[in-house]
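K.L.:
Any chance you can model this:
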Amino acid sequence: MENKKPKIALLLGGSSSEREVSKSSGFSIYNALKTLGYETILIDPAYGVNQPKEPDAFFNKKDFAKVTTRNYLEAVNSSLFDDVDLAFLGLHGKWGEDGTIQSLLEVRGIKYTGSNVMASSVAMDKAMSKIIFKHFDINTPRWLVIEKKKYDLDAIKKKIDEKIGYPCVIKPNDEGSTVGLTICNNPEEVSTGLEFSFRYSEKILIEEYIEGRELTVTILDKKALPVLEIKPKHGLYDYECKYTNGMSEYFVPADIPESVAKALQKDSLEVFNALGCSVYCRIDYMMSSDNKIYCLEGNTLPGMTSTSLVPKMAKAVGIPFEELIDRIIKLSL
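P.N.:
Residues are numbered from 1 along each chain as shown. Next up, the predicted model:
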């Protein structure tokens, strides 16, 4: 007699700035789960216990009910999760990718996909990740951390001059999808960049701008998939280029020297282990014109939309989307 498949709760939406991206990921994952024959319930933790009855309502741009972070507590503590064997996390950004939902599920005793609380939290904190990269001799762009409560524009400009230079990148320390990111070419643009980033976080990162090629590597089951190169239409792989069909080109395996590809895969596995990740993770890089590699960050819950990178890398080694989802479930269990 065949073993009964586990019951899956697919978590999507959430209350971060990446809510719409999470709905797109959720839509792709949900269709895969149906194809695979998993009994699946949809849960948007930002709705609390007040969940839609019809699946389509979870994917609509118009929200079904009031969205709040406090609702997460109500949702996880409710009967919604009573018969669930595994929570598949289709959430992105704050409260989904940063260890928050993971900690609530752990308290409830529910297994979930991807990395644990600590790894999720550390990977989401860009500055903390970079400290770990430096410890393990993983090259990363120079950076400064600025807190909103210690905001002194003249002092910040002086630090940029001394330690970073121009152009520089200003971005929230704990957001994804290039939300709140600005490239500043001179001191006059710093104030606007800071104000934009501070809309999304109390702590921001000012980082050395690396001009070059955007590369990424997925680690799945402690193995590195082929390197993928992103060629965005804007020159910057921003929110529009990430989630609009036709706004970026993708090449996998990337057209780079084999020695560089192998070094990237080796570094990615080291980053994966250094951050304490498990099951799967995507690690992003910039490569300068002289083939020098700079690690930017690790993504513990990378996108699973129709334009997402992890499925493209998996497909390059013969793993179709449904099989990728199935592997993530089995590895997480």
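K.L.:
can you give me the helices in the chain?
P.N.:
Listed from the start of the chain, the chain has helices (DSSP state H) covering 19-36, 56-59, 71-76, 100-108, 117-124, 126-135, 153-159, 190-198, 239-243, 258-274, 309-316, 321-332.
K.L.:
and the fourth one, which residues are buried?
P.N.:
Same thing as helix 100-108. If you call a residue buried by 16 or more other CB atoms under 10 Å, then helix 100-108 has these buried ones: T100, I101, Q102, S103, L104, L105. All C-beta atoms are positioned from the backbone trio N, CA, C, and that covers glycine.
K.L.:
Columns pLDDT and distance to L228 on top of those, output as a markdown table?
P.N.:
As requested, those are exported to a markdown table (pLDDT from 0 to 100; distance: CB to CB, whole Å):
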| residue | pLDDT | distance to L228 |
| --- | --- | --- |
| T100 | 97 | 29 |
| I101 | 98 | 27 |
| Q102 | 98 | 26 |
| S103 | 98 | 31 |
| L104 | 98 | 33 |
| L105 | 98 | 30 |
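K.L.:
which one of those is nearest K203?
P.N.:
Distances from those to K203 were compared by CB to CB; the smallest belongs to T100, at 16.1 Å.
K.L.:
so what's the closest one up against?
P.N.:
Y72, K94 (CB atoms under 8 Å, 6 or more residues apart in numbering).
K.L.:
how near is it to E106?
P.N.:
With distances defined as CB to CB, to the nearest Å, the gap from T100 to E106 amounts to 11 Å.
K.L.:
Check L11 too.
P.N.:
For L11, the distance to E106 under the criterion CB to CB works out to 14 Å.
K.L.:
swap in V21?
P.N.:
In this structure, V21 and E106 are separated by 25 Å, where distance is defined by CB to CB.
K.L.:
go on, L264?
P.N.:
32 Å.
K.L.:
Ok, S115 next?
P.N.:
The separation that S115 has from E106, given CB to CB, amounts to 12 Å.
K.L.:
Tell me how far the closest residue to E214 other than its chain neighbours lies from I183.
P.N.:
Nearest residue to E214, sequence neighbours excluded (CB to CB, 6 or more residues apart in numbering): I230, at 4.4 Å. Taking CB to CB as the measure, I230 and I183 are separated by 16 Å.
K.L.:
Among these two, which residue is more densely surrounded?
P.N.:
Regarding I230 and I183, a neighbour count based on other CB atoms under 10 Å identifies I230 as having more, with 20 against 16.
K.L.:
Look up how far K203 lies from the more buried one.
P.N.:
27 Å.
K.L.:
isn't F133 right next to V271, touching?
P.N.:
Yes: applying CB atoms under 8 Å as the test, F133 and V271 come out as touching, 6.9 Å apart.
K.L.:
neighbour count winner among the two?
P.N.:
Set side by side, F133 and V271 give different neighbour counts by other CB under 10 Å, the larger being at V271 (26 against 22).
K.L.:
is the residue nearest to that one when sequence neighbours are not counted in a bridge, and if so with what?
P.N.:
If you skip the residues right next to it in sequence, V271 has I283 as its closest partner in space, 5.0 Å away by CB to CB, 6+ apart. Applying DSSP bridges to I283 gives these bridge partners: V217, G298.
K.L.:
how much space between I283 and M128?
P.N.:
I283 sits at a distance of 15 Å from M128 (criterion: CB to CB).
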